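1. After the sequence you'll find the predicted model.
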Amino acid sequence: MKTILITGGAGFIGSHVVRRFVKKYPDYKIVNLDNLTYAGNLTNLRDIEKEPNYEFVKADITAGELMKALFKKYRFDGVIHLAAESHVDRSISSPMEFIYANIVGTVNLLNAARLIWEDFSGKRFYHISTDEVYGSLGSTGLFTEDTAYDPRSPYSASKASSDHLVRAYNHTYGMPTVISNCSNNYGPFQFPEKLIPLAIHNIKNNKLIPVYGKGENIRDWLYVEDHANAIDLIFHEGKIAETYNIGGQNEWKNIDLIRQLCEIMDKKLKRSAGMSSNLITFVKDRAGHDLRYAIDSTKIQNELGWKPGLQFAEGLEKTVSWYLANEEWMKNVTSGDYQKYYDHQYGKR
Ligand code: NAD
Ligand code: TYD
């Protein structure tokens, strides 16, 4: 039986990956390692927590010696590394946390894996990253795997550093690494600091929807299950030392996305047309706000046969339905420090 470590499995994308692996691969033992920051929530995994091939370990990847001890104890055969500080706005107010979790944390895992993997055969260290490492596009063009790195926020700079370190461990020590860089994800269990769940939460509660600048920034959106499917493929079939870009071929200006979301919310909440869009408020722009991200995913499509499964209208509708059906989850994650974060982030805008 192979033992696979998934870090950050209590977070948004990680919980979808853990669930998929636990259910689909009963022959793997899946160890979910997460230190349960504000973004990590074990209720995301309620439905699989009792499965015999699942185990949760609460631990911080910035603790190097602890990582080494855990790798010695569990003898992991593979690592899927998702644990990270993930929100750009938080990285602007508190960059240091991103340096520790995203850079130091990643190197601790690489070192711990190197310690127990004398023989690299059958082993794999898969690092999950973002398209934000490539910087910002103008109105045309797409990021390919060969696009030069040009990170512009503390978040993307920390992810870029970790990508470089993963590649350096492959080049220097022969570590069997693979990396993927994905565009913006959306779907169930996303913390309401990111645009889509934040807007859903605010509309539901008749609160203003803060749109940065003029709402003209463009993101490429991918349903989280499509990302989990790509991660599964890359983990099993991706080539060592390679990078794969993952994207939805689904670019939206923020303001157009929010308008579409408002229409869906009006219908679902049985409100009159236009009620939700009245909540749209343009606020002070994010510092250094990247204009556009867009991905060329030809490589993963051609080499691994992956493609996005869900159309955006369907994915958005599913996402809204999930949040409306899971009010308790939202209540839970917005209790505690959320209001403080919200006031700090939006109070003076
Ligand atoms: P998230 O913020 O929802 O979850 C991150 C998880 O990591 C949480 O469970 C948190 O508790 C855990 N974590 C954070 N610091 C830790 C530490 N020091 N030790 C142990 N656990 C720690 O993030 P997400 O949106 O699910 O993103 C997961 C990964 O995917 C990240 O590496 C992110 O950079 C990458 N990514 C995200 C997106 C996106 O749109 N959300 C897109 C591309 C790539
Ligand atoms: P976000 O979900 O934070 O993802 P990222 O910054 O990693 O792309 O933001 C998506 C887009 O929405 C981005 O252009 C910033 C914008 N945005 C707003 O306009 N208002 C908000 O309150 C938030 C959180 C984001």
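-> Nice, thanks for sending it over. Keep in mind that what you see is a predicted model, and the values were worked out from it rather than measured. Ligands and ions are numbered 1, 2, ... in the order given.

2. For the stretch 101-250 of the chain, just list every one of the helices.
-> For the stretch 101-250 of the chain, the helices defined by DSSP state H, counting those that start in this stretch occupy 105-116, 154-173, 195-204, 224-237.

3. Rebuild the ones you listed as JSON lines, extending it with mean neighbour count, mean pLDDT and distance to residue 135.
-> Just so you know, the C-beta spots here come from the backbone N, C-alpha and C atoms, and that holds for glycine as well. Output for the helices of the stretch 101-250 of the chain, formatted as JSON lines (neighbours: other Cβ atoms under 10 Å; pLDDT from 0 to 100; distance: least, Cβ to Cβ, whole Å):
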{"stretch": "helix 105-116", "mean neighbour count": "21", "mean pLDDT": "98", "distance to residue 135": "20"}
{"stretch": "helix 154-173", "mean neighbour count": "20", "mean pLDDT": "98", "distance to residue 135": "8"}
{"stretch": "helix 195-204", "mean neighbour count": "22", "mean pLDDT": "98", "distance to residue 135": "20"}
{"stretch": "helix 224-237", "mean neighbour count": "20", "mean pLDDT": "98", "distance to residue 135": "21"}
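
4. Could I get these in TSV, plus columns for distance to residue 141?
-> Converted to TSV, those look like this (distance: least, Cβ to Cβ, whole Å):
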stretch	distance to residue 141
helix 105-116	28
helix 154-173	17
helix 195-204	23
helix 224-237	22
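
5. among those helices, which is nearest residue 273?
-> Among the helices of the stretch 101-250 of the chain, the nearest to residue 273 by Cβ to Cβ is helix 195-204 (13.6 Å).

6. Is any residue of the closest one near ligand 2?
-> Yes. Counting by Cβ under 6 Å from any ligand atom, ligand 2 has neighbours in helix 195-204: 195, 198.

7. what's that helix packed up against?
-> Where contact means 3 or more Cβ pairs under 8 Å, 6 or more residues apart in numbering; DSSP states H and E, helix 195-204 is packed against strand 209-212, helix 254-268, helix 312-325.

8. how about the nearest residue to residue 164 once chain neighbours are set aside, phi and psi?
-> Nearest-residue entry for residue 164: residue 149, 7.6 Å, with adjacent residues in sequence omitted and distances by Cβ to Cβ, 6 or more residues apart in numbering. The main-chain torsion angles of residue 149 are listed as degrees, to the nearest 10 and equal phi -70, psi 140.

9. cool, residue 279 as well?
-> According to degrees, to the nearest 10, residue 279 has phi -80, psi -10.

10. That one contacts residue 205, doesn't it?
-> No. Counting by Cβ atoms under 8 Å, residue 279 does not reach residue 205; the two are 9.7 Å apart.

11. Looking at the two, which one has more neighbours?
-> residue 279 (18 against 10; other Cβ atoms under 10 Å).

12. give the contact list for the more buried one.
-> 202-203, 206-209, 262 (Cβ atoms under 8 Å, 6 or more residues apart in numbering).

13. Among these, which one has the most neighbours?
-> Top of the contacts of residue 279 by neighbour count (other Cβ under 10 Å): residue 203, with 27 neighbours.

14. hang on, that residue packs against residue 276?
-> Yes. Counting by Cβ under 8 Å, residue 203 touches residue 276, with 4.7 Å between them.

15. list residues touching both of those two?
-> Common neighbours of residue 203 and residue 276 (Cβ under 8 Å, 6+ apart) are 209, 261-262, 265, 269.

16. Tell me how many other residues surround the residue in the stretch 1-150 of the chain positioned nearest to ligand 2.
-> At 4.1 Å from ligand 2, residue 88 is the closest residue in the stretch 1-150 of the chain, using Cβ to the nearest ligand atom. Around residue 88 there are 22 other residues, counting by other Cβ under 10 Å.
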